[in-house]
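> okay, here's the prediction I keep looking at, along with the sequence it came from:
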Amino acid sequence: MNTSRKPDELTQQARQDFYRALSQHGMTPLWEVLHALVPPQPNTPCRPALWRYDDVRPFLLQSGELITAEEAVRRVLILENPALRGQSAITQSLYAGLQLILPGEIAPSHRHTQSALRFVVEGRGAFTAVNGERARMNPGDFIITPSWTWHDHGHDGNPQDGEPVVWLDGLDIPMLRFFDAGFAQNGDAASQRVTQAEGTSYQRFGANMLPVRHEAPFGQTSPIFSYPYERTREALYKLEQQAPVDAWDGVKLRYVNPATGGYPMPTMATFMQRLPPGFQGQPYRQTDGAVFSVVEGRGKVLIEGPGGLSEFDFGPRDHFVIPSWHTTRLSSDAGCVLFSFSDRPVHVALGIHKEERWT
Ligand code: GTQ
């Protein structure tokens, strides 16, 4: 049959009747949807978006007046992709939110199969506890809650003069929802018992050494659950001075599971990058959609996709999302530092990760 010819009216009518009859039996014709099912290239419904911290912060503080961390369990404002409203998703596979904890508060212990990362945005005095060990949360620290580990958050500062602490939560919630593989439990006590001194995991696994006979305490997830900013920052700033700067990324490093060399979590990759002063990044695109948290400095990002061109000027503590296969250019006049996370480990595990970089 010549497929380029438009079917006559009789044929069209017959087909519509056929589709209706099929539908009654739980079937639908592939040929009507084939082009959308196997698109020539990724065609995400997600849109680029920016959340300015100056806009977000007053709402976070207001949430602190309306509900306690304990009552909320997790007092979080979810960053929803404008094209995915109501789905608690920042990309099709990733969840992001900003969590607030005030001096004297606790966010009670629970565990779930969803993996979580915390990236500290502002304030000092909070801690998170994972499997009996606490980690201090300081701005710029990257902290992991491995799948199915008990975790609670707290702030032992003084309610009179302590600082509100805000961090970015990144979770694989939409992915686990997609696989219908989510389980969760609440703990018996609000705060779990401390069984291991602060920093123990880091000393054991974070000194470029490993215990001689170790079993991975968190399975496929990194045995280090806190990566302090101090170390990350020093590496980036020294590399900026000492080594060639990448024309697309500036100076960009990925966080690593020191026991495997792999990503810190099975579902999420994390990165930190420094754009030197005057950096004008070349265009790139990749299949893993990424969420950014601005740590220091200011810059600009151009993001181009099916919805057109977006241009965002960003500053400290702003957050933005670059959807899959959107052409991206980063630049900075005065220099900046950017944290980001994406679902890259899943793309890599499935053999479907793709990246293009051009000049
Ligand atoms: O801190 O455990 O933003 O379970 C969403 C779900 C944070 C958490 C979120 C969670 C958490």
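Thanks, I have it.
> could you count how many residues lie near Thr113?
A count of nearby residues for Thr113, using other C-beta atoms under 10 Å, gives 13. All C-beta atoms are positioned from the backbone trio N, CA, C, and that covers glycine.
> thought Asp180 was touching it, still the case?
No: counting by C-beta atoms under 8 Å, Thr113 does not reach Asp180; the two are 11.0 Å apart.
> touching the helix or strand hosting Ala129 from outside, list them.
If you go by DSSP states H and E, Ala129 is part of strand 126-130. Residues outside strand 126-130 that contact it (C-beta atoms under 8 Å, 6 or more residues apart in numbering) are 101, 109, 118, 120, 134-137, 143-146, 149-157, 165, 167, 191-192, 194, 225.
> now, of these, which are buried?
Neighbour counting by 16 or more other C-beta atoms under 10 Å classes 101, 109, 118, 120, 134-137, 143-146, 149-155, 157, 165, 167, 192, 225 among the contacts of strand 126-130 as buried.
> follow-up on the earlier one: now the strand holding Ala129 - C-alpha only, PDB.
This file holds the C-alpha atoms of strand 126-130, laid out as PDB (Å, rounded to 0.1, in the frame of the first residue of the first chain):
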ATOM      1  CA  ALA A 126      22.000  20.800  61.900                       C
ATOM      2  CA  PHE A 127      23.000  17.200  61.700                       C
ATOM      3  CA  THR A 128      21.600  14.100  60.000                       C
ATOM      4  CA  ALA A 129      21.900  10.600  61.400                       C
ATOM      5  CA  VAL A 130      22.300   7.500  59.300                       C
END
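> what ranges do the strands span in the stretch 251-359 of the chain?
Along the stretch 251-359 of the chain, the segments classed as strands by DSSP state E, counting those that start in this stretch run 251-254, 269-275, 279-280, 284-286, 290-297, 299-305, 308-314, 319-322, 327-332, 336-342, 355-357.
> partner strands of the first one, parallel or antiparallel?
Pairing partners of strand 251-254, with direction, according to DSSP bridges: strand 269-275 (antiparallel).
> state the mean pLDDT of the strand it pairs with.
If you average the pLDDT over strand 269-275, you get 98.
> show me where the stretch 51-200 of the chain has strands.
76-78, 95-101, 106-112, 116-122, 126-130, 133-137, 142-145, 151-155, 165-171, 184-186.
> need those strands in TSV (columns: distance to Gln241 and mean pLDDT).
What follows is the strands of the stretch 51-200 of the chain, written out as TSV (distance: least, C-beta to C-beta, whole Å; pLDDT from 0 to 100):
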stretch	distance to Gln241	mean pLDDT
strand 76-78	38	98
strand 95-101	32	98
strand 106-112	40	96
strand 116-122	25	98
strand 126-130	33	97
strand 133-137	29	97
strand 142-145	23	98
strand 151-155	36	96
strand 165-171	28	98
strand 184-186	46	97
